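**Q** Sequence and predicted structure are below.
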Amino acid sequence: MLKPLFNQRKALRFRQFTRKGYALFACLGRVVTIGVLSVATLQSATAAHRHVSTDEVSNDTTRVTDKEATLDDVEVTGSRAPLALGQAARMVTVLSREDIQAAPVQSINDLLKLAVGVDVRQRGPLGAQTDIGIRGSTSEQITILLNGINICDPQTGHNTFDIPCDISDIERIEVLEGPAGRIYGTSSLAGAINIVTQKHAQREVTDEKWLGEGRLEGGSYGYLQTAARIAYRQAFYSHMSASYTRSDGYSRSKAGALNSDYKGGKMFYQGGYEHEKARLDWHVGLSTKGFGSNTFYSAKFDEQYENTTKIYTALQSETKGRIHFKPSIYWNRSYDRFELIRGTEEKVPFNYHRTDVFGINLNCFFDWSAGRTALGTEFRNEDIVSTNLGEPLDHPFNVYKTGLNRTNMSFHLEHNVLLRRFTLSAGLIVVKNTWNEMPFTVYPGIDASFRLGDNWKVYASYNESLRMPSFTELYYNVGGHQADKYLKPEELRAIEGGVKYHVRWFSVKADIFYHHARNMIDWVMDTRHADAIWQSMNHTKINTFGQEMSLDFQHSAVHFQLAYCHLHQNKDELPYLQSQYSLEYLRHKVTAQLQTALFARLYLTLDYRWQDRMGSYTDTVGNVQDYRPYSVIDGRLTWDEDTFSIYIGGNNLTNHSYVDYGNVPQPGCCFVAGARMRIGQ
């Protein structure tokens, strides 16, 4: 598994590098720092051009443009082997640390709304429960990674975004759109999202060994969040953070009880050791939360409740020298308790689940006369014990009476040809899963890019990938649902091509893509029957055709971004057949963002989002309703000093009424105010 940050070495520094060739630096084996490099657009950036370091950010109007980027920071998820700045053949969207700090959001989930190709469907604020898809996919069909480690929940994609780190821990978020099976294996059917946390040993902000930060904010609906983190950095570095969030919620049940309340906490520790011959990194995280899930999973019950607890552990290393060997080992455990009628187990029994995921990744890459080659293998075991998911256990224990265990094995090979203006990345992954006696299956992929002069870049790709059904899709047979344990794996083939133009202050990108999917899994209801239930099934073939366009302009203290994504799925659906996921996609999405310095240390951020969703849902009285287009405006004002910042922000400033999913209305206008204190940076 590719660890996004490349090893640190003595830095060679070049100025005014934007008009030079790149191939030479692929063979140096050193970090190359490039200065005077404009930041490309959020929606269209390659990994090479979007991320910027905050190491040398001033507090005047040069804050937006005078930034330095290092090759280490931008070698991200476009391939199995890390590629140098400007070489990546595949486009990657990167949300930098500055984007994260400036955005008027309270959760990682909200941040991803800024990416035009990402569909964020919230059932509740603060990251209570969010389904995230890419280019028309469902939440089950993408891979979520923490520092390159797969943290997907095989029980259900609904709980995948229970991230253990606080939003202030994040260095950047990388979004790879399109099939990523060659890079991240199974579950990355339609893309991947990699959350990269800060590693302070790699930062050269000050000579301080200790760094610290505290944050306190509150707002509408009884919202309160407090967070703190502290880091020690030398050759050995250690970083620990903790946060607590609560809210009364914005709605009540018919009986008058709060049914969208939230409370939860996170703890995250990561450490590492740097040596001239190797590097070692590790992390341990905990996320726990309980939230009123009103009508999240059934419109008939408006006092549902869910509690989840997740534990994450991982150990990664990388050797240095001619051959880079990058092994990693991880173990994640999840607990889930769902209450159809909150606090009343006598009427309807609660659902209990415990999931364990254990994995080992062995990856290596090396340079030779023909380019850069990567190869490796992955072992991943997924195990669940439950009250209702899986087959009957031979030895039931506690509340657990059923369970399932499956193992995934994969082998990958990739080669990268790196020329002065041309990059070719081709490879394949061979996959076998013990579930349903799946045989070894090959999924290939190829990406190519060509730089025309100093400002133009054209690129194209073809990739295939697969996704195993979740345990819920295979075995959930309660609460008006009937699952099929003989579901087939989903498979996707995708073609993409595009062009990008970039100059110092201006960037524009346009691409077009086509996805051919077969055996797509969805929950479907036949509305002709009064007693209809949701059934999981393979939706045979679905074809998706889409286009993305984006524009980025920044000069002096002004940074403006505009992007548009259009999708069309041509699966013919019978009018009486209601889809819960795969045919409820964003037909149109427009995003815009403005960041500017009003004066001195006062900064303004405005975010706009308009989207039009296909599909329909059945309301609480049994009528079928189409999703309606809506627009949302968020904003934040920040006063930023060297050691502290204060801010006030608002979400849904126009107080627009809308739904992202079914019968779960989203909150109206709400406000947040907060302060952040920094020590040692």
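**A** Sure thing, it's come through.

**Q** Pull the number of nearby residues for the residue lying closest to G343 once chain neighbours are set aside.
**A** What sits nearest to G343 in space, not counting adjacent residues and going by C-beta to C-beta, 6 or more residues apart in numbering, is Y305, at 7.2 Å. C-beta: built from backbone N, CA, C; applies to glycine. Counted by other C-beta atoms under 10 Å, the residues lying close to Y305 total 21.

**Q** Now do the contacts for Y305.
**A** Applying C-beta atoms under 8 Å, 6 or more residues apart in numbering to Y305 gives the contacts G290, F291, G292, S293, F338, E339, R342, G343.

**Q** What residues of the helix or strand in which the fifth one is found count as buried?
**A** When secondary structure is defined by DSSP states H and E, F338 falls within strand 323-339. Within strand 323-339, the residues that qualify as buried are 324-330, 332, 334, 336-339, counting by 16 or more other C-beta atoms under 10 Å.

**Q** tell me the mean pLDDT for the very next helix or strand once past it?
**A** Following strand 323-339 in sequence order, the next helix or strand is strand 351-368 (DSSP H and E). What strand 351-368 shows for mean pLDDT is 95.

**Q** counting contacts, what elements does strand 351-368 pack onto?
**A** strand 323-339, strand 371-386, strand 400-418 (3 or more C-beta pairs under 8 Å, 6 or more residues apart in numbering; DSSP states H and E).

**Q** what bits of the stretch 151-300 of the chain have low per-residue confidence?
**A** 200-208 (pLDDT under 70).

**Q** what about the helices in it?
**A** 181-184 (DSSP state H, counting those that start in this stretch).

**Q** Which residue ranges of it form strands?
**A** In the stretch 151-300 of the chain, strands defined by DSSP state E, counting those that start in this stretch lie at 170-177, 191-197, 210-219, 223-233, 236-247, 262-274, 278-292, listed in chain order.

**Q** Which of those strands sits closest to L474?
**A** L474 sits nearest to strand 191-197 of all the strands of the stretch 151-300 of the chain, at 22.9 Å, using C-beta to C-beta.

**Q** Mind listing residues that contact the closest one?
**A** 4-5, 76-77, 108, 112, 117-118, 132, 134-135, 137, 142-148, 163, 165, 169-180, 183-184, 239, 268, 270, 283.

**Q** Now a ChimeraX select for only the buried ones of those.
**A** Remark: buried members of those, expressed as a ChimeraX selection using 16+ other C-beta under 10 Å:
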select :4,5,76,77,108,112,117,118,132,134,135,137,142,143,144,145,146,147,148,163,165,169,170,171,172,173,174,175,176,177,178,179,180,183,184,239,268,270,283
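
**Q** Now do the buried residues in stretch 312-322.
**A** By 16+ other C-beta under 10 Å, the buried positions in stretch 312-322 come out as Y312, T313, A314, Q316, S317, E318, T319, K320.

**Q** picking that back up, for the strand holding F338, which strands pair with it and how are they oriented?
**A** strand 305-319 (antiparallel), strand 351-368 (antiparallel) (DSSP bridges).

**Q** Could you export those strands to CSV, including columns for distance to Y250?
**A** What follows is these, written out as CSV (distance: least, C-beta to C-beta, whole Å):
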stretch, distance to Y250
strand 305-319, 16
strand 351-368, 26
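
**Q** Nearest to T591 among the ones you listed would be which one?
**A** Of all those, strand 305-319 comes closest under C-beta to C-beta, at 29.5 Å.

**Q** For the closest one, give the mean pLDDT please.
**A** On average, strand 305-319 scores 95.

**Q** and the residue positioned nearest the centre of the chain, bridged to which residues?
**A** The residue lying closest to the centre of the chain (C-alpha atoms, centre = their mean) is I193, at 3.2 Å. According to DSSP bridges, the residues that bridge with I193 are I144, V175.
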